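In: sequence plus predicted model, see below.
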Amino acid sequence: MKTNKPVIIWLLSGCVLLFIMVMVGGITRLTNSGLSMTDWHLVTDTFPPTSEQAWNEAFEEYKKFPEYQKINIHNDFTMDDYKFIYFWEWFHRFIGRIIGIVFIIPFVYFLIKKKLDSETIKKCIILLFMGGFQGFLGWFMVKSGLIDNPDVSHYRLALHLTFAFITFAYTLWVALDLIYPDRNEVILPLRKLARIAMVVLIIQIIYGGFVAGLNAGLIHNHWPLMSEGKLVHETVWMEQPTIIKNLTEGKSGVQFVHRTMAYVVVGLIILLFIKSRKYSLSTIQYKSVKTLVFFVFIQFILGIFTLLFHVPLWLGLAHQLMAFLFLSAMTFTLHRFSK
(Lines give C-alpha, C1' and ligand atoms only; values in the text may rest on other atoms or scores of the structure.)
Protein backbone atom coordinates (compact mmCIF):
# COMPACT_ATOMS: atom_id res chain seq x y z
CA MET A 1 0.00 0.00 0.00
CA LYS A 2 2.74 2.50 0.98
CA THR A 3 4.89 1.79 -2.09
CA ASN A 4 1.82 2.15 -4.33
CA LYS A 5 0.52 5.31 -2.68
CA PRO A 6 1.64 7.75 -5.45
CA VAL A 7 0.11 5.48 -8.11
CA ILE A 8 -3.13 5.18 -6.14
CA ILE A 9 -3.33 8.97 -5.73
CA TRP A 10 -2.71 9.34 -9.47
CA LEU A 11 -5.52 6.92 -10.37
CA LEU A 12 -7.98 8.42 -7.88
CA SER A 13 -7.12 11.90 -9.20
CA GLY A 14 -8.11 10.58 -12.62
CA CYS A 15 -11.41 9.39 -11.13
CA VAL A 16 -12.07 12.88 -9.73
CA LEU A 17 -11.32 14.48 -13.09
CA LEU A 18 -13.62 12.01 -14.86
CA PHE A 19 -16.35 12.92 -12.36
CA ILE A 20 -15.87 16.63 -13.15
CA MET A 21 -15.83 15.79 -16.87
CA VAL A 22 -19.20 14.04 -16.63
CA MET A 23 -20.63 16.90 -14.56
CA VAL A 24 -19.56 19.50 -17.14
CA GLY A 25 -20.76 17.18 -19.91
CA GLY A 26 -24.18 17.11 -18.23
CA ILE A 27 -24.29 20.91 -18.08
CA THR A 28 -23.18 21.05 -21.72
CA ARG A 29 -26.04 18.78 -22.74
CA LEU A 30 -28.70 20.42 -20.57
CA THR A 31 -27.78 23.93 -21.81
CA ASN A 32 -27.72 22.75 -25.45
CA SER A 33 -24.09 23.84 -25.75
CA GLY A 34 -22.62 20.74 -27.39
CA LEU A 35 -22.78 21.96 -31.00
CA SER A 36 -21.28 25.41 -30.40
CA MET A 37 -17.78 24.38 -31.50
CA THR A 38 -18.11 23.16 -35.07
CA ASP A 39 -14.61 21.75 -35.51
CA TRP A 40 -11.96 20.01 -33.45
CA HIS A 41 -8.26 20.89 -33.28
CA LEU A 42 -5.90 19.40 -30.74
CA VAL A 43 -3.88 22.59 -30.14
CA THR A 44 -5.65 25.65 -31.57
CA ASP A 45 -8.89 25.01 -29.66
CA THR A 46 -7.11 24.75 -26.32
CA PHE A 47 -8.27 28.25 -25.31
CA PRO A 48 -11.34 30.27 -26.35
CA PRO A 49 -11.07 33.09 -28.92
CA THR A 50 -9.02 35.96 -27.49
CA SER A 51 -10.19 38.83 -29.71
CA GLU A 52 -13.49 40.21 -30.95
CA GLN A 53 -12.51 39.31 -34.50
CA ALA A 54 -11.84 35.69 -33.50
CA TRP A 55 -15.20 35.54 -31.72
CA ASN A 56 -16.96 36.92 -34.82
CA GLU A 57 -15.24 34.32 -37.01
CA ALA A 58 -16.29 31.49 -34.67
CA PHE A 59 -19.86 32.81 -34.52
CA GLU A 60 -20.08 33.13 -38.31
CA GLU A 61 -18.85 29.55 -38.64
CA TYR A 62 -21.51 28.40 -36.16
CA LYS A 63 -24.19 30.13 -38.27
CA LYS A 64 -23.43 27.74 -41.17
CA PHE A 65 -24.74 24.73 -39.24
CA PRO A 66 -28.27 23.36 -38.60
CA GLU A 67 -28.59 24.31 -34.91
CA TYR A 68 -28.38 28.01 -35.74
CA GLN A 69 -30.15 27.85 -39.09
CA LYS A 70 -33.13 25.80 -37.85
CA ILE A 71 -33.44 26.82 -34.19
CA ASN A 72 -31.39 29.71 -32.83
CA ILE A 73 -31.90 32.05 -35.80
CA HIS A 74 -35.50 32.34 -34.58
CA ASN A 75 -34.54 32.98 -30.93
CA ASP A 76 -32.86 36.42 -31.17
CA PHE A 77 -29.59 34.57 -30.63
CA THR A 78 -26.83 37.07 -29.83
CA MET A 79 -23.06 36.95 -29.48
CA ASP A 80 -23.47 36.80 -25.68
CA ASP A 81 -25.71 33.75 -26.09
CA TYR A 82 -23.11 32.16 -28.33
CA LYS A 83 -20.29 32.88 -25.87
CA PHE A 84 -22.31 31.17 -23.12
CA ILE A 85 -22.82 27.90 -25.01
CA TYR A 86 -19.29 28.05 -26.42
CA PHE A 87 -17.85 28.23 -22.90
CA TRP A 88 -19.44 24.97 -21.74
CA GLU A 89 -18.41 22.98 -24.81
CA TRP A 90 -14.89 24.46 -24.66
CA PHE A 91 -14.63 23.73 -20.92
CA HIS A 92 -15.78 20.14 -21.52
CA ARG A 93 -13.08 19.64 -24.13
CA PHE A 94 -10.48 21.45 -22.01
CA ILE A 95 -11.02 19.05 -19.10
CA GLY A 96 -10.62 16.20 -21.57
CA ARG A 97 -7.19 17.58 -22.49
CA ILE A 98 -6.28 17.93 -18.81
CA ILE A 99 -7.28 14.31 -18.20
CA GLY A 100 -5.03 13.24 -21.08
CA ILE A 101 -2.06 15.10 -19.57
CA VAL A 102 -2.80 13.82 -16.04
CA PHE A 103 -2.87 10.24 -17.28
CA ILE A 104 0.02 10.24 -19.79
CA ILE A 105 2.78 12.23 -18.02
CA PRO A 106 2.59 10.42 -14.62
CA PHE A 107 2.28 7.09 -16.43
CA VAL A 108 5.57 7.72 -18.26
CA TYR A 109 7.15 8.91 -14.99
CA PHE A 110 6.02 5.79 -13.10
CA LEU A 111 7.32 3.61 -15.94
CA ILE A 112 10.75 5.25 -15.79
CA LYS A 113 10.85 4.98 -12.00
CA LYS A 114 9.63 1.34 -12.19
CA LYS A 115 6.73 2.03 -9.85
CA LEU A 116 4.34 -0.20 -11.81
CA ASP A 117 4.28 -3.98 -11.96
CA SER A 118 3.57 -5.70 -15.27
CA GLU A 119 -0.10 -6.30 -14.45
CA THR A 120 -0.70 -2.64 -13.56
CA ILE A 121 1.14 -1.51 -16.71
CA LYS A 122 -1.26 -3.59 -18.84
CA LYS A 123 -4.27 -2.09 -17.05
CA CYS A 124 -2.92 1.45 -17.44
CA ILE A 125 -2.35 0.94 -21.17
CA ILE A 126 -5.99 -0.13 -21.44
CA LEU A 127 -6.94 3.03 -19.54
CA LEU A 128 -4.95 5.23 -21.93
CA PHE A 129 -6.65 3.58 -24.88
CA MET A 130 -10.06 4.07 -23.27
CA GLY A 131 -9.31 7.76 -22.69
CA GLY A 132 -8.30 8.30 -26.31
CA PHE A 133 -11.33 6.41 -27.57
CA GLN A 134 -13.58 8.52 -25.32
CA GLY A 135 -12.23 11.66 -27.00
CA PHE A 136 -13.00 10.15 -30.41
CA LEU A 137 -16.53 9.26 -29.28
CA GLY A 138 -17.07 12.87 -28.18
CA TRP A 139 -16.28 14.22 -31.63
CA PHE A 140 -18.16 11.32 -33.28
CA MET A 141 -21.22 12.40 -31.27
CA VAL A 142 -20.89 16.12 -32.05
CA LYS A 143 -20.42 15.42 -35.75
CA SER A 144 -23.85 13.78 -35.94
CA GLY A 145 -25.48 17.13 -35.06
CA LEU A 146 -23.60 19.16 -37.67
CA ILE A 147 -25.10 17.62 -40.82
CA ASP A 148 -28.88 17.88 -41.22
CA ASN A 149 -30.47 17.35 -37.81
CA PRO A 150 -29.66 20.11 -35.27
CA ASP A 151 -29.24 17.57 -32.50
CA VAL A 152 -26.77 14.78 -31.86
CA SER A 153 -27.65 11.13 -32.36
CA HIS A 154 -29.07 9.74 -29.13
CA TYR A 155 -27.21 6.51 -29.86
CA ARG A 156 -23.89 8.35 -30.06
CA LEU A 157 -24.70 10.43 -26.98
CA ALA A 158 -25.52 7.29 -24.97
CA LEU A 159 -22.31 5.64 -26.22
CA HIS A 160 -20.22 8.68 -25.23
CA LEU A 161 -21.88 8.94 -21.81
CA THR A 162 -21.79 5.23 -21.01
CA PHE A 163 -18.17 4.82 -22.07
CA ALA A 164 -17.24 7.72 -19.75
CA PHE A 165 -18.93 5.86 -16.89
CA ILE A 166 -17.19 2.60 -17.81
CA THR A 167 -13.80 4.34 -18.08
CA PHE A 168 -14.33 5.78 -14.62
CA ALA A 169 -15.40 2.41 -13.19
CA TYR A 170 -12.35 0.68 -14.66
CA THR A 171 -10.00 3.40 -13.35
CA LEU A 172 -11.51 2.98 -9.89
CA TRP A 173 -11.18 -0.81 -10.17
CA VAL A 174 -7.47 -0.55 -11.00
CA ALA A 175 -6.97 1.76 -8.00
CA LEU A 176 -8.87 -0.65 -5.75
CA ASP A 177 -6.64 -3.51 -6.89
CA LEU A 178 -3.70 -1.55 -5.48
CA ILE A 179 -5.51 -0.38 -2.34
CA TYR A 180 -6.59 -3.95 -1.49
CA PRO A 181 -3.77 -6.19 -2.75
CA ASP A 182 -4.71 -9.13 -0.49
CA ARG A 183 -7.34 -11.50 -1.81
CA ASN A 184 -10.29 -12.53 0.34
CA GLU A 185 -12.48 -15.59 0.07
CA VAL A 186 -15.09 -14.86 -2.60
CA ILE A 187 -18.77 -15.21 -1.67
CA LEU A 188 -19.94 -16.56 -5.02
CA PRO A 189 -23.73 -15.96 -4.71
CA LEU A 190 -23.20 -12.31 -3.73
CA ARG A 191 -20.61 -11.77 -6.45
CA LYS A 192 -22.98 -13.22 -9.05
CA LEU A 193 -25.85 -10.99 -7.90
CA ALA A 194 -23.57 -7.93 -7.78
CA ARG A 195 -22.43 -8.66 -11.34
CA ILE A 196 -26.05 -8.89 -12.53
CA ALA A 197 -26.84 -5.61 -10.77
CA MET A 198 -23.82 -3.96 -12.44
CA VAL A 199 -24.91 -5.12 -15.92
CA VAL A 200 -28.47 -3.88 -15.37
CA LEU A 201 -27.12 -0.57 -14.05
CA ILE A 202 -25.00 -0.12 -17.21
CA ILE A 203 -28.08 -0.79 -19.36
CA GLN A 204 -29.99 1.76 -17.27
CA ILE A 205 -27.20 4.30 -17.85
CA ILE A 206 -27.43 3.63 -21.60
CA TYR A 207 -31.16 4.33 -21.46
CA GLY A 208 -30.45 7.46 -19.45
CA GLY A 209 -28.37 8.57 -22.44
CA PHE A 210 -31.26 7.71 -24.77
CA VAL A 211 -33.65 9.77 -22.63
CA ALA A 212 -31.25 12.73 -22.65
CA GLY A 213 -30.56 12.46 -26.38
CA LEU A 214 -34.24 12.32 -27.32
CA ASN A 215 -35.37 14.84 -24.66
CA ALA A 216 -37.71 12.07 -23.56
CA GLY A 217 -37.87 13.45 -20.03
CA LEU A 218 -40.07 16.29 -21.27
CA ILE A 219 -43.10 14.05 -21.87
CA HIS A 220 -45.25 11.89 -19.55
CA ASN A 221 -44.26 14.05 -16.60
CA HIS A 222 -46.26 11.98 -14.13
CA TRP A 223 -45.45 9.27 -11.61
CA PRO A 224 -46.05 6.43 -10.82
CA LEU A 225 -48.24 6.25 -13.94
CA MET A 226 -47.60 7.80 -17.34
CA SER A 227 -49.88 10.39 -18.95
CA GLU A 228 -53.66 10.01 -18.58
CA GLY A 229 -53.14 7.71 -15.59
CA LYS A 230 -51.93 4.81 -17.72
CA LEU A 231 -49.31 2.29 -16.65
CA VAL A 232 -48.20 1.91 -20.27
CA HIS A 233 -49.27 4.80 -22.48
CA GLU A 234 -50.33 3.83 -26.01
CA THR A 235 -47.68 6.13 -27.50
CA VAL A 236 -45.05 3.67 -26.23
CA TRP A 237 -45.99 1.47 -29.19
CA MET A 238 -47.06 4.11 -31.75
CA GLU A 239 -44.13 6.42 -32.52
CA GLN A 240 -42.00 4.00 -34.56
CA PRO A 241 -42.87 1.19 -37.01
CA THR A 242 -41.54 -1.72 -34.92
CA ILE A 243 -41.49 -2.69 -31.23
CA ILE A 244 -37.68 -2.59 -31.12
CA LYS A 245 -37.56 0.89 -32.65
CA ASN A 246 -40.27 2.11 -30.29
CA LEU A 247 -38.20 0.96 -27.33
CA THR A 248 -34.92 2.40 -28.65
CA GLU A 249 -35.93 5.42 -30.75
CA GLY A 250 -39.40 6.46 -29.62
CA LYS A 251 -39.53 9.08 -26.86
CA SER A 252 -42.37 7.35 -25.02
CA GLY A 253 -40.83 3.90 -25.42
CA VAL A 254 -37.40 4.98 -24.22
CA GLN A 255 -38.85 6.76 -21.20
CA PHE A 256 -41.01 3.72 -20.41
CA VAL A 257 -37.96 1.40 -20.42
CA HIS A 258 -35.91 3.82 -18.30
CA ARG A 259 -38.59 4.35 -15.68
CA THR A 260 -39.47 0.62 -15.56
CA MET A 261 -35.84 -0.49 -15.31
CA ALA A 262 -35.41 1.82 -12.33
CA TYR A 263 -37.64 -0.57 -10.35
CA VAL A 264 -35.47 -3.49 -11.47
CA VAL A 265 -32.30 -1.75 -10.27
CA VAL A 266 -33.87 -0.93 -6.90
CA GLY A 267 -35.14 -4.51 -6.58
CA LEU A 268 -31.72 -6.00 -7.31
CA ILE A 269 -30.00 -3.80 -4.73
CA ILE A 270 -32.60 -4.67 -2.08
CA LEU A 271 -32.19 -8.36 -2.94
CA LEU A 272 -28.40 -8.00 -2.63
CA PHE A 273 -28.84 -6.40 0.78
CA ILE A 274 -31.23 -9.14 2.00
CA LYS A 275 -29.01 -11.96 0.74
CA SER A 276 -25.86 -10.35 2.18
CA ARG A 277 -27.34 -10.58 5.68
CA LYS A 278 -27.11 -14.39 5.46
CA TYR A 279 -23.31 -14.27 5.27
CA SER A 280 -20.55 -13.20 7.59
CA LEU A 281 -19.32 -10.04 5.88
CA SER A 282 -16.35 -7.87 6.65
CA THR A 283 -17.15 -4.40 7.97
CA ILE A 284 -16.27 -2.79 4.66
CA GLN A 285 -18.43 -5.23 2.68
CA TYR A 286 -21.40 -4.58 4.95
CA LYS A 287 -20.96 -0.80 4.73
CA SER A 288 -20.62 -0.93 0.94
CA VAL A 289 -23.96 -2.73 0.58
CA LYS A 290 -25.67 -0.29 2.97
CA THR A 291 -24.27 2.60 0.92
CA LEU A 292 -25.65 1.00 -2.25
CA VAL A 293 -29.13 0.83 -0.72
CA PHE A 294 -28.94 4.47 0.36
CA PHE A 295 -27.66 5.64 -3.03
CA VAL A 296 -30.21 3.70 -5.08
CA PHE A 297 -33.12 5.25 -3.18
CA ILE A 298 -31.65 8.75 -3.50
CA GLN A 299 -31.22 8.17 -7.24
CA PHE A 300 -34.75 6.79 -7.57
CA ILE A 301 -36.23 9.83 -5.83
CA LEU A 302 -34.12 12.22 -7.93
CA GLY A 303 -35.36 10.48 -11.08
CA ILE A 304 -38.99 10.94 -10.02
CA PHE A 305 -38.58 14.65 -9.25
CA THR A 306 -36.55 15.25 -12.42
CA LEU A 307 -39.48 13.84 -14.39
CA LEU A 308 -42.23 15.62 -12.41
CA PHE A 309 -40.54 19.03 -12.74
CA HIS A 310 -39.81 18.67 -16.49
CA VAL A 311 -36.02 18.24 -16.18
CA PRO A 312 -34.79 21.56 -14.72
CA LEU A 313 -31.04 22.02 -15.14
CA TRP A 314 -30.12 21.47 -11.48
CA LEU A 315 -32.26 18.35 -11.09
CA GLY A 316 -31.14 16.82 -14.38
CA LEU A 317 -27.54 17.40 -13.36
CA ALA A 318 -28.11 16.03 -9.84
CA HIS A 319 -29.70 12.90 -11.33
CA GLN A 320 -26.70 12.33 -13.61
CA LEU A 321 -24.14 12.95 -10.89
CA MET A 322 -25.97 10.65 -8.47
CA ALA A 323 -25.83 7.96 -11.16
CA PHE A 324 -22.06 8.47 -11.14
CA LEU A 325 -21.86 8.08 -7.36
CA PHE A 326 -24.12 5.05 -7.52
CA LEU A 327 -21.86 3.45 -10.13
CA SER A 328 -18.87 4.21 -7.86
CA ALA A 329 -20.55 2.40 -4.96
CA MET A 330 -21.56 -0.47 -7.25
CA THR A 331 -17.98 -0.83 -8.53
CA PHE A 332 -16.57 -0.75 -5.01
CA THR A 333 -19.10 -3.33 -3.75
CA LEU A 334 -18.47 -5.67 -6.69
CA HIS A 335 -14.73 -5.36 -6.13
CA ARG A 336 -15.06 -6.22 -2.42
CA PHE A 337 -17.18 -9.26 -3.29
CA SER A 338 -14.79 -10.36 -6.05
CA LYS A 339 -11.29 -10.03 -4.56
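Out: Looks like it arrived, so ask away. Numbering: from 1, shown residues only.
In: and what about residue 200, helix, strand or coil?
Out: What DSSP: H, G, I helix; E, B strand; the rest coil gives for residue 200 is helix.
In: contact partners for the most centrally placed residue in the chain?
Out: Centroid check for the chain by Cα atoms, centre = their mean gives residue 161 as the closest residue, at 4.0 Å. Residue 161 makes contacts with 22, 25, 205, 208-209, 212, as judged by Cβ atoms under 8 Å, 6 or more residues apart in numbering. Any C-beta I mention is one placed from the backbone N, CA and C, and that applies to glycine too.
In: again, only using 10 Å
Out: 22, 25-26, 29, 137, 141, 205-206, 208-210, 212-213, 320, 323 (Cβ atoms under 10 Å, 6 or more residues apart in numbering).
In: distance check, it against residue 168.
Out: The gap separating residue 161 from residue 168 is 11 Å, by Cβ to Cβ, to the nearest Å.
In: which neighbours do these two share?
Out: Between them, residue 161 and residue 168 share the contacting residues residue 22, judged by Cβ under 10 Å, 6+ apart.
In: which residue sits closest to residue 334 in space, ignoring its chain neighbours?
Out: Here the nearest residue to residue 334 in space, its sequence neighbours aside, is residue 194; by Cβ to Cβ, 6 or more residues apart in numbering that works out to 4.5 Å.
In: these two touch, right, that neighbour and residue 272?
Out: Yes - Residue 194 lies in contact with residue 272 (Cβ atoms under 10 Å); the separation is 6.3 Å.
In: quickly list what's touching both of those two.
Out: Counting by Cβ under 10 Å, 6+ apart, the residues touching both residue 194 and residue 272 are 289, 292, 330, 333, 337.
In: enumerate every residue touching the closest residue to residue 232 other than its chain neighbours.
Out: Sequence neighbours aside, residue 256 is the residue nearest to residue 232 in space, at 6.5 Å (criterion: Cβ to Cβ, 6+ apart). The contact partners of residue 256, by Cβ under 10 Å, 6+ apart, come to 207, 216, 220, 226, 231-233, 235-237, 246-247, 250.
In: buried set for the one helix or strand residue 256 maps to?
Out: Here residue 256 sits within helix 251-276, counting by DSSP states H and E. Under the neighbour-count criterion of 16 or more other Cβ atoms under 10 Å, helix 251-276 has 251-259, 261-262, 265, 268-269, 272, 276 buried.
In: repeat that for stretch 174-194.
Out: 174-178, 187, 190-191, 193-194.
In: and those residues, which two are the farthest apart?
Out: Greatest spatial distance among the buried residues of stretch 174-194 (Cβ to Cβ): 178 and 193, at 25.8 Å.
In: buried subset of the contacts of residue 256?
Out: By 16+ other Cβ under 10 Å, these give 207, 216, 220, 226, 233, 235-237, 246-247, 250 as buried.
In: show me these that map onto helices.
Out: 207, 246-247 (DSSP state H).
In: tell me which residues in the host helix or strand of residue 326 are buried?
Out: Following DSSP H and E, one finds residue 326 within helix 313-338. In terms of neighbour count (16+ other Cβ under 10 Å), helix 313-338 has its buried residues at 315-324, 326-338.
In: may I ask you to name the longest helix in this structure?
Out: helix 79-112.
In: state the mean pLDDT of that one.
Out: The average pLDDT within helix 79-112 is 92.
In: which other helices and strands contact that helix?
Out: If contacts are counted by 3 or more Cβ pairs under 10 Å, 6 or more residues apart in numbering; DSSP states H and E, helix 79-112 sits against helix 5-30, helix 52-62, helix 118-143, helix 154-179.
In: apply 8 Å and report the result again.
Out: On a contact count with 3 or more Cβ pairs under 8 Å, 6 or more residues apart in numbering; DSSP states H and E, helix 79-112 meets helix 5-30, helix 52-62, helix 118-143.
In: how about residue 195: what's its closest non-neighbour residue?
Out: Nearest to residue 195 is residue 334, by Cβ to Cβ, 6+ apart, at 6.6 Å.
In: shouldn't that neighbour be in contact with residue 191?
Out: Yes - the pair residue 334 / residue 191 is scored as a contact, 7.4 Å apart, by Cβ atoms under 8 Å.
In: tell me which helix or strand of the chain sits lowest on mean pLDDT?
Out: Using mean pLDDT, DSSP states H and E, the weakest-scoring helix or strand in the chain turns out to be helix 66, at a mean of 84.
In: do you know how far the residue lying farthest from the centre of the chain is from residue 123?
Out: Within the chain, the residue lying farthest from the chain centre (Cα atoms, centre = their mean) is residue 53, at 35.6 Å. Noted for residue 53: a distance of 47 Å to residue 123, by Cβ to Cβ.
In: could you do residue 290 as well?
Out: 29 Å.
In: for stretch 23-32, buried residues please.
Out: Of the residues in stretch 23-32, those buried by neighbour count under the rule 16+ other Cβ under 10 Å are 23-30, 32.
In: residues making contact with it?
Out: Counting by Cβ under 8 Å, 6+ apart, 33-34, 67, 84-85, 88-89, 91-92, 95, 157, 161, 164, 212, 311, 313, 316-317, 320-321, 324 sit against stretch 23-32.
In: alright, calling it a day.
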